[in-house]
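I need the structure of the sequence given here:
(one chain, ligands or ions: 1)
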Amino acid sequence: MGNGTKKRILIIGSGIIGLCSGNYLLKDGHDVTIVEREALGDGASCGNAGAIAATEVVPFALPGLWKDVPGWLLDPLGPLSLRLSYLPQFLPWLYLFLKSSNQKKVEKSTKAMAAFLENAFEDYKPLLGNAGLEGLLKKEGSIMAYKSEKGRAKDQYFWDLSQRNGIEFQHLNRQEILEREPALGEQAHCGVYQANWGHFANPADLVMGLAKEFQKNGGTHLIDEVEAIEFEDNKPKLARTKDGQALEFDHLIIAAGAWSTRLSRKLGDNFTLDTERGYNTTLPTPGVELNNMVLFAEDKFVATPMSMGLRIGGAVEFAGIDAKPNYSRCDTLLTLAKGYLPDLNGEGGTKWMGRRPSTPDSVPVISPSRHHPNVHYAFGHGHLGITAGAVTGRAISDMIAKRPSEFDLASFHINRFD
Ligand SMILES: Cc1cc2nc3c(=O)[nH]c(=O)nc-3n(C[C@H](O)[C@H](O)[C@H](O)COP(=O)(O)OP(=O)(O)OC[C@H]3O[C@@H](n4cnc5c(N)ncnc54)[C@H](O)[C@@H]3O)c2cc1C
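Predicted structure coming up:
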């Protein structure tokens, strides 16, 4: 790259999205700094279920979903819940979520996500390969377990829509499930196997490995919190931090997960982002072995076999960013898991809560600012931040380099609900 195109790029946030973006931008020869307020990141990227869920292209807001909303309020420990006190702040997101559930919009978002996730595995290859992290990725596929044929039939629209967008899967009967996962008890009546699925054996090792790789290749990683963005001649020019640093940039990338819109607002870019808080417990001696990642369809949780144990997690809780975690959700998930895995040992687990940065239409924001050509956003990956980390990093580097995009950028634009 000639000197004329080498830019000073500042990324806010060193979760999976900031790190993949930083590593891809270094490959283009830029001078890249990541600023992150916590040594290991205090976001969602280290403690999650670790899946590259490349087949998860259908959004959550599906036609007819509005009927379920009252139930969210009534069952505080249900798979999807809303704290009543949070309802007033939640209404704008809920409105756009329900609006996004019309069939035309759902089909459009699915198509956009299918094109976006097509290279989910491929785009990780250069990042993992250079960092010696390939061993962390297990590509064994996943099993979605159903309690009944009726449960599977309820998801018919989801599976049809997935198939129409090129997603491959295979129905399993009880016997076929057992051949793949002997540990599953009678509650797993039938299922669906998806081969194009993988998981990282430890997402925290992935994040730390990518951070090391970033530094090794000349990236600067600062621990500090960005509090303000300052302008010169109406152009964003520097980020002012809590410790008083002035970080100048040519380009700014906001990859601050659930906190991103607190920063984008300072630049006049509003977007209705909320956080779906999720919970899990990692069991060091689970007493059962799983070969694949298993998803439990009706009860909406997952079990991932990881290097440090079996991670059982899920749940969606709308309560805002700052509310205290309610770890009784972890216990509820473990009780559900024992129903499917009769020999599960639930003792000695480590509990975790993370904040998924969620958009109303389940499509992330990968977009230039509405007002400032030198500012880009990369947030709102919801349930799919690990899945889409590398494709997002590549997309951001393509935007900065003005290379053509391989997917429909309009669906990912920050202005799409304007
Ligand atoms: C229970 C659970 C299970 C999940 N399982 C999966 C899965 O299996 N597969 C999958 O693809 N996804 C999964 N996800 C989703 C995934 O974890 C997220 O989408 C992803 O981690 C988001 O990454 P991010 O980099 O955008 O945000 P984060 O990881 O949250 O990183 C943002 C960072 O920005 C920093 N920051 C914020 N504001 C500032 C500031 N002003 N100054 C400096 N730093 C700042 C924060 O400290 C934080 O570290 C799961 C999430 C949960 C909760």
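
Show me the strands in the stretch 51-200 of the chain, by range?
Secondary structure of the stretch 51-200 of the chain, counting by DSSP state E, counting those that start in this stretch: strands at 51-52, 80-82, 137-138, 142-146, 170-172, 190-194, 198-200.

for the residue lying closest to Lys266 once chain neighbours are set aside, helix, strand, or coil?
Nearest residue to Lys266, sequence neighbours excluded (Cβ to Cβ, 6 or more residues apart in numbering): Ile229, at 5.1 Å. (Each C-beta comes from the backbone N, C-alpha and C, glycine too.) Put simply, Ile229 is strand when judged by DSSP: H, G, I helix; E, B strand; the rest coil.

How many neighbouring residues does Leu238 have?
Residues near Leu238, counting by other Cβ atoms under 10 Å, number 17.

Report the rounded mean pLDDT for the host helix or strand of it.
Per DSSP states H and E, Leu238 falls inside strand 235-241. Average pLDDT, strand 235-241: 98.

Quickly run through the sheet partners of that strand, with directions.
strand 226-232 (antiparallel), strand 246-248 (antiparallel) (DSSP bridges).

Can you get me a residue count around the residue nearest to Lys266?
Residues near Ile229, counting by other Cβ under 10 Å: 22.

what's the answer for Gln156, then?
Using other Cβ under 10 Å, Gln156 has 9 neighbouring residues.

got it, and Gly29?
By other Cβ under 10 Å, neighbour count at Gly29 equals 15.

That one and Asn217 touch, don't they?
No. The criterion here is Cβ atoms under 8 Å, and Gly29 misses it with Asn217 at 10.5 Å.

near the ligand, which residues of the stretch 301-418 of the chain show up?
Residues of the stretch 301-418 of the chain lying near the ligand by Cβ under 6 Å from any ligand atom: 313, 354, 356-357, 379, 381-387.

Helix or strand with the lowest mean pLDDT in the protein?
Ranked by mean pLDDT, DSSP states H and E, the weakest helix or strand in the chain is helix 69-74, scoring a mean of 77.

Now do the contacts for the residue of the stretch 301-418 of the chain found nearest the ligand.
As assessed by Cβ to the nearest ligand atom, the ligand sits closest to Gly385 within the stretch 301-418 of the chain, at 2.2 Å. Counting by Cβ atoms under 8 Å, 6 or more residues apart in numbering, Gly385 makes contact with 15-17, 44-45, 48, 257, 356-357.

one more time with 6 Å
Ile16 (Cβ atoms under 6 Å, 6 or more residues apart in numbering).

State the distance from it to Ala49.
11 Å (Cβ to Cβ, to the nearest Å).

What are the boundaries of the helices in the stretch 201-350 of the chain?
203-216, 260-264, 328-340 (DSSP state H, counting those that start in this stretch).

Mean neighbour count and mean pLDDT for the ones you listed - can I get that in TSV?
Converted to TSV, the helices of the stretch 201-350 of the chain look like this (neighbours: other Cβ atoms under 10 Å; pLDDT from 0 to 100):
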stretch	mean neighbour count	mean pLDDT
helix 203-216	20	96
helix 260-264	21	98
helix 328-340	19	95
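
Could you list the low-pLDDT ranges of the stretch 1-150 of the chain?
For the stretch 1-150 of the chain, residues meeting the criterion pLDDT under 70 lie at 1-4, 41-42.

what does it have sitting close to the ligand?
Counting by Cβ under 6 Å from any ligand atom, the stretch 1-150 of the chain sits next to the ligand at 12-18, 35-38, 41-45, 48-51, 53.

go again using 8 Å as the cut-off
12-19, 35-38, 41-53 (Cβ under 8 Å from any ligand atom).

before we move on, the earlier item: tell me which of the residues of the stretch 301-418 of the chain next to the ligand fall in strands.
313, 354, 356-357, 379 (DSSP state E).

got a winner among these for most neighbours?
Of these, with other Cβ under 10 Å as the count, Phe379 tops at 32 neighbours.

so who does it touch?
Per Cβ under 6 Å, 6+ apart, neighbours of Phe379: 260, 357, 365.

mind checking how far it is from Leu19?
14 Å.

and Gly314, how many residues sit next to it?
Neighbour tally, Gly314, other Cβ under 10 Å: 23.

Grab the nearest non-local neighbour of it.
Phe301 (3.3 Å).

Who does that neighbour form a beta bridge with?
The partner residues for Phe301, given DSSP bridges, come to Phe296, Gly314.

okay, now it: neighbour count?
23.

and if you look at the one 3 residues further on?
Neighbours of Thr304 under the rule other Cβ under 10 Å: 26.
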